[in-house]
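**Student:** Structure for this input, please:
(2 chains)
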Amino acid sequence: MTLQAVLGQASGEDVAAGGALLRFGEAVVRGSEDLPAAREALKSKLGDPGFIEACAIAGIFNGLVRVADLSGIPLDDTSLHGSEDFREQLGLNTFSGAANSDLERADSRLAPDRFFPPVPDETAS
Amino acid sequence: MTNHLDFDYESSGFSVRRDITEAHRASWQAIARPGPRWSGVQRVEIARQARAARNSRGDPPWLRKGLPDTEGRIPEAACQAARTIAADAHRIDRDWATQAIETLSDAAYVELGSIVATVAALDAFAEALGRDQEPLPSAEAGTRADTASADGVADIGAYVPMVSPFSGPNVSRALSRVPEANRLFFTNVGAMYGGGEQSFYDLEWTGPISRPQAELLAARVSALNECFY
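**Tutor:** Have a look, this model is predicted:
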């Protein structure tokens, strides 16, 4: 997964239907006028079952972010250490919720061998 | 009482998995019932304020007009907390949370937050599908004894105490100060995030979208909400 794509800095096309997923996610969050078109574009890429799963992901994460922000839950150690190398690069430490975690304690040497689990190569033909 | 046809996705043309539908119906029924700190009438009012605020999220707070009057059903502090969590959660900081919690109590705040987050999730799902938001449930009358026990929770550096020690996914204890509130929201997580044939804990999903696809979308939604966690 391209981390930059998450922040709108890359296309996301290293993931199948990545561009359509990103467009859809943005339209749902913003409630934008693009949502109907983004919806149809995603359906054409994923089919109806995949589209509904994507709706569920978009829906529940609109709840999860509120849970995290209202509770002020700090990062667990695995996430704290495993994300040290890219949080600053991507500007995530500027988000208000960053203050809830002791970022000074982060040490990428303590990160697990793989922060992200291994995934199949989606770009392979 | 909640109409058994609430969240009738099938009739409106959406083949939503049964476990998702059941989780949504259970959520509406739970919101309508008296909770540990808020009555059923208050819980539905919290949901109403949260929905209205989130529907106005595209406008800055000072331009949001037409937000419903509480008509005295909930305290003003609760109304403002619900609206902020619903529409401006990314602005929440420790000072804001501390003031809200001191005014409402930590248990009442957590119960309120659970309702707001649940409504946000279910409303966003409806919008994503292209379906109207589900009418809010009819509140059940009465109150109940306060059962928001603080057993097993500790200060872990968050705004509210949480279960500690804890071995599950960290975020799944975020509302554990009030177990019932935690269940309200995270029952939906279990159904909507890697539910069905696969579990959230499975690294390789076999459902209609792959794990990388799900995580890309999830991360983008989170980033747009400016959620650090």
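**Student:** residue ranges for the helices of chain B, please.
**Tutor:** Counting by DSSP state H, chain B has helices at residues B:18-32, B:40-55, B:76-88, B:94-104, B:106-129, B:179-192, B:211-224.
**Student:** Can you name the residues in contact with stretch B:121-136?
**Tutor:** Stretch B:121-136 has contacts (CB atoms under 8 Å, 6 or more residues apart in numbering or on different chains) with A:24, A:28-29, A:31, A:35-36, A:39, A:52, A:54-56, A:58-64, B:6-7, B:9, B:12, B:14, B:16, B:24, B:27-28, B:31, B:44, B:47-48, B:51, B:54-55, B:185, B:188, B:192. In short, each C-beta sits where N, CA and C put it, glycine included.
**Student:** in chain A, what secondary structure element scores lowest on mean pLDDT?
**Tutor:** Sorting the helices and strands of chain A by mean pLDDT, DSSP states H and E puts helix A:3-6 at the bottom, at a mean of 72.
**Student:** hmm, who's touching that helix?
**Tutor:** Surrounding helix A:3-6, the residues in contact under the criterion CB under 8 Å, 6+ apart are A:10-12, A:14-15, A:18, A:22, A:86, A:90, B:216, B:219-220, B:222-223.
**Student:** Next one: residue A:62 from chain B, what distance?
**Tutor:** Counting by CB to the nearest CB, to the nearest Å, the gap between residue A:62 and chain B amounts to 4 Å.
**Student:** packing partners for the helix or strand hosting that residue?
**Tutor:** Assigned by DSSP states H and E, residue A:62 belongs to helix A:35-71. Where contact means 3 or more CB pairs under 8 Å, 6 or more residues apart in numbering or on different chains; DSSP states H and E, helix A:35-71 is packed against helix A:18-30, helix B:76-88, helix B:106-129, helix B:179-192, helix B:211-224.
**Student:** Residue 106: what's it in contact with?
**Tutor:** Went with chain A since none was named. With contacts taken as CB under 8 Å, 6+ apart, residue A:106 has the following neighbours: A:80, A:81, A:83, A:84, A:87.
**Student:** Chain B is the one I meant
**Tutor:** Residues counted as contacts of residue B:106 (CB under 8 Å, 6+ apart) are B:160, B:161, B:177.
**Student:** Just put those residues in CSV and tack on distance to residue B:146.
**Tutor:** Formatted as CSV, the entries for those read as follows, by distance: CB to CB, whole Å:
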residue, distance to residue B:146
B:160, 16
B:161, 16
B:177, 13
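**Student:** Of the residues you listed, which ones also sit close to chain A?
**Tutor:** Restricting the contacts of residue B:106 to those adjacent to chain A (criterion: CB under 8 Å from any CB of the partner chain) gives residue B:160.
**Student:** which one of the contacts of residue B:106 has the most neighbours?
**Tutor:** Neighbour counts for the contacts of residue B:106 (other CB atoms under 10 Å in any protein chain shown) peak at residue B:177, which has 27 neighbours.
**Student:** which stretches of chain B aren't confidently modelled?
**Tutor:** Scanning chain B for pLDDT under 70 picks out B:1-4, B:147-148, B:195-206.
**Student:** Was I right to think residue A:97 contacts residue A:67?
**Tutor:** No - counting by CB atoms under 8 Å, residue A:97 stays clear of residue A:67, with 11.3 Å between them.
**Student:** more neighbours, the two?
**Tutor:** Shown here are residue A:97 and residue A:67; by other CB under 10 Å, residue A:67 has more neighbours (30 against 24).
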